[in-house]
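> the following block contains a protein sequence and its predicted model.
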Amino acid sequence: GEMPLELHKVRVVQKLHLVPINRRLEAIEEAGFNTFRLNTKDVFLDMLTDSGVNAMSDNQVAAMFQADDAYAGSQSFFRLQKAVEDVLGKKFLLPVHQGRAAENVICRTFVKKGSVIPTNYHFTTTLAHVMENGGVIEELYHDRALVLHSDHPFKGNMDIDKLEACIQKHGAENIPFVRMEASTNLIGGQPFSIRNMMDVRGVCDKYGIMLVLDASLLGENAYLVMKREEAWKENSMADILKMMTNLADLVYFSARKLSSSRGGGICTNRRDLYMKMEALIPLFEGFLTYGGISVREIEAMAVGLYETLDETMISQSPSFIKYMVDTLDKAGVPVITPAGVLGAHIDAGTFCAHIPQCEYPAGALAAALYLVSGVRAMERGTVSSIRDENGNDVLADAELLRLAIPRRVFTLSQINYAIDRILWLYDNREMIGGLRFTYEPPVLRFFMGGLEAT
Ligand code: F0G
């Protein structure tokens, strides 16, 4: 494939450990075959997530030194507020400690028993917070969104006819908001188009329903709009980002992803919405000018937001992902195409076709890949799902293994090492066996759950 090129230099490094395979076997057993529970001293390439592990820039680190420590009225907050207004075009900002904290505040404020939240696709923490407040979600992805091997440029689009039908069925009064997630995480980091978001906005306006944008992966969605949507090819990242946020009443984000730091935020231009949520910030997060985030991280977040406008920065991870996906695809390994953002996604259902879905093929593949390579990936399949009211697994739409490629962290030779090990494992895939739970937490079970070989 096309060779990606790093447009940065490495100035601070951290030593990695490639421990021997017998230690890796012990480690994955100690971790209950759950890669979340590994200690990074046993991990070689950490491709678990991009969350909070994207490389920071020199300017972000520099800004952290001029942070203004103050419980209230910190200048760091006002710099962040200005960055949010400049980049996301919203003047009211509520800071929160991370993305799911934003979901907590939004769902407590707007979701009640019987509420229905239409969305292009759920995210684990969003679904948990909607359910926590008595609501349900309806996923209104279009017919081609879940075709794993595809050339559809915008699998993250919402199906507009399904949205109309959903509102007709449940009544606008039971739908506090429609949620659009940028770079739809759980279907493989797949973007939506601006055309689609405009159409969603049109339906929201027709029925007087609020539109909420999960902007955690907004920079990458904007970059793919620039690459793939004809009408926006000549526009800048700044124009595209603003266009998308302008279409939403409420924008929230995990800054662990959006700006390579910590924290998160909720922003809007509507004072009425801001006022409904304001009191929850001191209750759950911290005072309104720090929101549970250190002021140093607030400075890094502000600089990171401006850096999102730089397409040479934002394109680095997607171009490495594309290289990995295209190389694996050419070699016949089942991967999600087209390459999305956040990471490369292996179709574990096909890779491990001999493992029934109730024995968690994606979880099994995650454990096996760690064993043969020291690469830590993340299960995104039925282990990450929930149980229904009868206690049965809700089988995931797809069994995915996600190899996250955080921004500017890995070199191309490390990517090639991961590819080489995946190819070896694919040739020896019959050796991989299924898993069952031995310990299963009641919510978000994938984080701390323990499993064993069946
Ligand atoms: N929304 C999206 C689209 C996300 O990807 C995440 C986190 C969140 C909300 C929650 O944000 O972690 O700061 O509380 N995604 C991480 C991941 C965990 O690995 O994909 P958070």
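Arrived safely, thanks for sending.

> enumerate the residues of the stretch 1-150 of the chain near the ligand.
When proximity is defined by C-beta under 6 Å from any ligand atom, the stretch 1-150 of the chain lies next to the ligand at T49, S51, Q98, G99, R100, F123, T125. In this view, the C-beta of every residue, glycine as well, is placed from N, C-alpha and C.

> and which of those residues is nearest P406?
For P406, the closest of those turns out to be T49, at 7.5 Å, with distances computed as C-beta to C-beta.

> what's the neighbour count on the nearest residue to that closest one once chain neighbours are set aside?
In this structure, T49 finds its nearest non-sequential neighbour in A404, 4.9 Å apart by C-beta to C-beta, 6 or more residues apart in numbering. Applying the criterion other C-beta atoms under 10 Å, we find 24 residues in the vicinity of A404.

> tell me who's in contact with A404.
When the contact criterion is C-beta atoms under 8 Å, 6 or more residues apart in numbering, the partners of A404 are M47, L48, T49, D50, L342, G343, A377, M378.

> let me see the ranges of the strands in this protein.
Taking DSSP state E as the test, the strands found in the chain are 45-46, 92-96, 116-119, 136-139, 177-181, 210-214, 250-254, 264-268, 343-347, 375-376, 378-380, 400-404, 435-439, 450-453.

> can you add mean pLDDT and distance to S319 and give those strands back as CSV?
As requested, those are arranged in CSV below (pLDDT from 0 to 100; distance: least, C-beta to C-beta, whole Å):
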stretch, mean pLDDT, distance to S319
strand 45-46, 98, 18
strand 92-96, 98, 31
strand 116-119, 98, 28
strand 136-139, 98, 29
strand 177-181, 98, 22
strand 210-214, 98, 24
strand 250-254, 98, 22
strand 264-268, 98, 26
strand 343-347, 98, 12
strand 375-376, 98, 20
strand 378-380, 97, 21
strand 400-404, 98, 15
strand 435-439, 97, 34
strand 450-453, 96, 35
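
> alpha carbons of stretch 28-44, as PDB, please.
In PDB, the C-alpha atoms belonging to stretch 28-44 read as follows (Å, rounded to 0.1, in the frame of the first residue of the first chain):
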ATOM      1  CA  ILE A  28      -2.800 -13.500  30.100                       C
ATOM      2  CA  GLU A  29      -4.000 -16.300  32.500                       C
ATOM      3  CA  GLU A  30      -3.500 -14.000  35.500                       C
ATOM      4  CA  ALA A  31      -5.500 -11.400  33.500                       C
ATOM      5  CA  GLY A  32      -8.500 -13.800  33.100                       C
ATOM      6  CA  PHE A  33      -7.900 -13.700  29.300                       C
ATOM      7  CA  ASN A  34      -9.000 -10.100  29.400                       C
ATOM      8  CA  THR A  35      -6.400  -7.600  27.900                       C
ATOM      9  CA  PHE A  36      -7.800  -4.800  30.000                       C
ATOM     10  CA  ARG A  37      -6.300  -6.500  33.000                       C
ATOM     11  CA  LEU A  38      -2.800  -6.900  31.800                       C
ATOM     12  CA  ASN A  39       0.000  -4.900  33.400                       C
ATOM     13  CA  THR A  40       1.900  -2.800  30.800                       C
ATOM     14  CA  LYS A  41       5.200  -4.300  32.000                       C
ATOM     15  CA  ASP A  42       4.100  -7.400  30.200                       C
ATOM     16  CA  VAL A  43       2.900  -5.500  27.100                       C
ATOM     17  CA  PHE A  44       5.000  -4.800  24.000                       C
END
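
> returning to that earlier point: restricted to helices, list the residues of the stretch 1-150 of the chain next to the ligand.
Judged by DSSP state H, these include G99, R100, T125 as members of helices.

> show me what contacts the closest residue to the second one other than its chain neighbours?
Nearest residue to R100 in three dimensions, chain neighbours excluded: T125, at 4.0 Å (C-beta to C-beta, 6+ apart). With C-beta under 8 Å, 6+ apart as the criterion, the residues that contact T125 are G99, R100, E103, L444.

> from these, which is closest to S315?
For S315, the closest of those turns out to be G99, at 22.8 Å, with distances computed as C-beta to C-beta.

> where do the helices of the stretch 301-450 of the chain begin and end?
In the stretch 301-450 of the chain, the helices defined using DSSP state H, counting those that start in this stretch lie at 311-314, 316-330, 348-351, 361-373, 412-427, 445-448.

> the ligand: which of the ones you listed is closest?
helix 445-448 (9.5 Å; C-beta to the nearest ligand atom).

> by contact count, what packs against the closest one?
Taking 3 or more C-beta pairs under 8 Å, 6 or more residues apart in numbering; DSSP states H and E as contact, there are no helices or strands that helix 445-448 lies on.

> other residues contacting that helix?
Outside helix 445-448, the residues touching it (C-beta under 8 Å, 6+ apart) are N34, F36, R37, T124, E379, V383, S384, I386, F437, Y439, P441.

> rerun at 6 Å
Identification of contacts with helix 445-448 by C-beta atoms under 6 Å, 6 or more residues apart in numbering yields F36, V383, S384, P441.

> pLDDT weak spots in this structure?
In the predicted model, the chain carries pLDDT under 70 at residues 1.

> quick check: domain ranges of it?
21-50+313-453, 58-309 (automatic domain parsing).

> and the longest one, how far apart are its ends?
Right, domain 58-309. Domain 58-309 has an end-to-end distance of 16 Å (criterion: C-alpha to C-alpha, to the nearest Å).

> and it, how far out from the chain middle?
Taking C-alpha atoms, centre = their mean, to the nearest Å, one finds domain 58-309 lying 11 Å from the centre of the chain it belongs to.

> hang on, the earlier thing: which among the domains of the chain is found nearest to R11?
Taking C-beta to C-beta as the criterion, R11 comes closest to domain 58-309 out of these, the separation being 7.1 Å.

> ok, back up a step: specify the beta-bridge partners of the residue nearest to T49.
For A404, the residues forming beta bridges with it (DSSP bridges) are G343.

> and it, how far from S57?
Per C-beta to C-beta, to the nearest Å, A404 is found 19 Å from S57.

> and if you look at L140?
From L140 over to S57 the distance is 37 Å, taken as C-beta to C-beta.

> which one's more surrounded, the two?
The neighbour count for L140 versus S57, taken as other C-beta under 10 Å, is higher for L140 (22 against 19).

> what sits against the residue nearest to the spatial centre of the chain?
By C-alpha atoms, centre = their mean, the chain has its centre lying nearest to N185, at 4.5 Å. N185 makes contact with F123, according to C-beta under 6 Å, 6+ apart.
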